[in-house]
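Trainee: Here is my input, please return the structure:
(one chain, ligands or ions: 1)
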Amino acid sequence: MILKSNTNSITPSEITSESIYFKRREVLKALGIAVPVSLMPQAGFANNQKLKYSPRVITCPDKETTYQDITHYNNFYEFGTDKSDPAKYSGSLKTNPWNIDIEGNVKKTKSIGIEDLIRQFPLEERIYRHRCVEAWSMVVPWVGLSLKKFIEWCEPTNNAKYIEFVSLADPSMMPGISSPILKWPYTEALRIDEAVHPLSILAVGLYGQVLPNQNGAPIRLVVPWKYGFKGIKSIVKIRFVENQPNTTWNLANPNEYGFYSNVNPEVDHPRWSQATERRIGDGLFAARRKTLMFNGYADQVAHLYNGMNLKQYF
Ligand code: MTE
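Mentor: Below you'll find the model as predicted:
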């Protein structure tokens with residue numbers, strides 16, 4: 001199967017293959033060398049623009065999931081509900097030009113094109129655990145920008161207590177939209193203090209390459225201590241609001257999907273346990289892994305929920 005994606009503009013010699021990428025990183029790691037920006041893998045964007053990013057931030061010591069698995073086992077219901085549908089059908093998504101509109105409680109509404117955004121904000125590689133509510137997980141080397149820095153640029157006013165994200169919902173490019181399985185457009189939201197936490201990023205790349213369509217091109221949210229469904233893909237609008245907004249999965253089934261969606265092995269999904277997870281790529285007979293509180297990021301994020309009953313605010 002040949003995937004159509006927005007990596008079309010990269011010539012093959014510009015792409016760092018996965019094996020070279022691993023080898024280079026292992027050697028540099030063994031030598032304890034910080035990687036200069038100019039030596040890091042680069043990826044083209046539309047119009048052959050390069051993505052450059054600084055050395056990585058590893059917050060998961062486990063081996064990264066392969067590029068093949070990360071890009072062929074997806075949830076992106078705008079392209080179908082089967083895990084293989086996004087890779088098969090998201091070639092129809094056009095990501096250039098792409099604008100993100102900023103609205104609501106901000107000094108001034110604005111719009112920024114994806115290319116300006118990746119030029120304006122420093123990019124970093126972030127290796128994060130990625131835990132789906134369906135009790136599987138991956139380890140993903142994202143390339144992204146700090147959501148906090150982006151929010152500062154948006155200049156929200158004091159009334160902005162929540163940030164709401166909206167995905168593209170274009171039936172001409174997204175065949176899944178014709179099905180009423182979810183309420184379109186897909187939306188997600190965070191409390192502002194969650195959004196400005198240093199772990200929260202807007203991802204624009206994967207494995208040093210531009211984000212493939214099936215993973216949410218050209219820009220998606222990544223909040224590693226929450227279940228994967230908070231990671232809204234293909235964002236076209238961001239709104240700063242005063243009251244807690246509705247979110248797609250909470251509207252679809254409020255008993256199963258709460259607003260917070262923090263990874264929590266002690267709070268089961270009504271239909272299955274969240275105590276363990278299957279790591280994609282581990283093989284059929286591998287032991288399931290124990291799910292960690294806040295997906296292993298408790299030391300960094302637990303304070304955000306001090307005094308809250310996490311069984312009630314799941
Ligand atoms: N964003 C949109 N717009 N539509 C979706 O269906 N699925 C969510 C989330 N973001 C989804 C979405 C779910 S359920 C998960 S688990 C993650 O994307 C999956 O991200 P991945 O395919 O990159 O692993």
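
Trainee: By proximity to the ligand, which residue of the stretch 101-250 of the chain wins?
Mentor: Across the stretch 101-250 of the chain, no residue is closer to the ligand than residue 228, which sits at 2.8 Å (Cβ to the nearest ligand atom). No exception for glycine: its C-beta is placed from N, CA and C like everyone else's.

Trainee: Could I get the pLDDT score of that residue?
Mentor: On pLDDT, residue 228 comes in at 98.

Trainee: wait, doesn't it sit right on residue 136?
Mentor: No - the criterion here is Cβ atoms under 8 Å, and residue 228 misses it with residue 136 at 9.0 Å.

Trainee: Partner strands of the lengthiest strand in the chain and their direction?
Mentor: The longest strand of the chain (DSSP state E) is strand 136-146. Looking at strand 136-146 with DSSP bridges, its partner strands are strand 123-131 (antiparallel), strand 201-206 (antiparallel), strand 276-279 (parallel).

Trainee: which of the residues in the longest one are buried?
Mentor: Applying a neighbour-count criterion of 16 or more other Cβ atoms under 10 Å, one finds 123, 124, 125, 126, 127, 128, 129, 130, 131 buried in strand 123-131.

Trainee: go on, stretch 201-212?
Mentor: 201, 202, 203, 204, 205, 206, 207, 208, 209, 210, 211, 212.

Trainee: now the strands paired with strand 136-146 in TSV, with mean pLDDT and distance to residue 82?
Mentor: Below are the strands paired with strand 136-146 laid out as TSV (pLDDT from 0 to 100; distance: least, Cβ to Cβ, whole Å):
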stretch	mean pLDDT	distance to residue 82
strand 123-131	97	19
strand 201-206	96	21
strand 276-279	98	18
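
Trainee: those helices in the stretch 151-300 of the chain, which residues are they?
Mentor: In the stretch 151-300 of the chain, the segments counted as helices under DSSP state H, counting those that start in this stretch are 192-195, 248-252, 298-301.

Trainee: In TSV: those, plus distance to residue 261.
Mentor: Conversion of those to TSV gives the following (distance: least, Cβ to Cβ, whole Å):
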stretch	distance to residue 261
helix 192-195	11
helix 248-252	8
helix 298-301	13
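
Trainee: Those helices into JSON lines, with extra columns for mean pLDDT and mean neighbour count?
Mentor: As requested, the helices of the stretch 151-300 of the chain are exported to JSON lines (pLDDT from 0 to 100; neighbours: other Cβ atoms under 10 Å):
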{"stretch": "helix 192-195", "mean pLDDT": "98", "mean neighbour count": "17"}
{"stretch": "helix 248-252", "mean pLDDT": "98", "mean neighbour count": "17"}
{"stretch": "helix 298-301", "mean pLDDT": "98", "mean neighbour count": "15"}
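
Trainee: Residues in a beta bridge with the residue nearest to residue 232 when sequence neighbours are not counted, which ones?
Mentor: In space, residue 232 comes closest to residue 188 once its chain neighbours are excluded; the distance is 4.0 Å by Cβ to Cβ, 6 or more residues apart in numbering. With DSSP bridges as the criterion, residue 188 is bridged to residue 165.

Trainee: wait, doesn't residue 188 sit right on residue 165?
Mentor: Yes - contact criterion Cβ under 8 Å: residue 188 and residue 165 qualify, at 5.0 Å.

Trainee: Determine the residues that are contacts of both of those two.
Mentor: Residues touching both residue 188 and residue 165 by Cβ atoms under 8 Å, 6 or more residues apart in numbering: 221, 232.

Trainee: Could you tell me how far residue 256 is located from the ligand?
Mentor: Computed as Cβ to the nearest ligand atom, to the nearest Å, the residue 256 to the ligand distance reads 12 Å.

Trainee: Enumerate every residue touching that residue.
Mentor: 249, 269, 270, 271.

Trainee: Enumerate every residue touching the third one.
Mentor: Residues touching residue 270, when contacts are defined by Cβ under 8 Å, 6+ apart, comprise 255, 256.

Trainee: try 10 Å this time
Mentor: If you count contacts by Cβ atoms under 10 Å, 6 or more residues apart in numbering, residue 270 has them with 253, 255, 256.

Trainee: Only alpha carbons, please: show stretch 176-186 as PDB.
Mentor: Taking C-alpha atoms only, stretch 176-186 is exported to PDB below (Å, rounded to 0.1, in the frame of the first residue of the first chain):
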ATOM      1  CA  GLY A 176     -16.200   9.300   8.000                       C
ATOM      2  CA  ILE A 177     -18.000  12.600   8.500                       C
ATOM      3  CA  SER A 178     -21.000  11.300   6.600                       C
ATOM      4  CA  SER A 179     -21.600   8.800   9.500                       C
ATOM      5  CA  PRO A 180     -23.200  10.300  12.600                       C
ATOM      6  CA  ILE A 181     -21.100   8.000  14.900                       C
ATOM      7  CA  LEU A 182     -19.800  11.200  16.700                       C
ATOM      8  CA  LYS A 183     -21.000  14.800  16.800                       C
ATOM      9  CA  TRP A 184     -18.800  16.700  14.200                       C
ATOM     10  CA  PRO A 185     -16.600  18.600  14.400                       C
ATOM     11  CA  TYR A 186     -14.500  16.700  16.900                       C
END
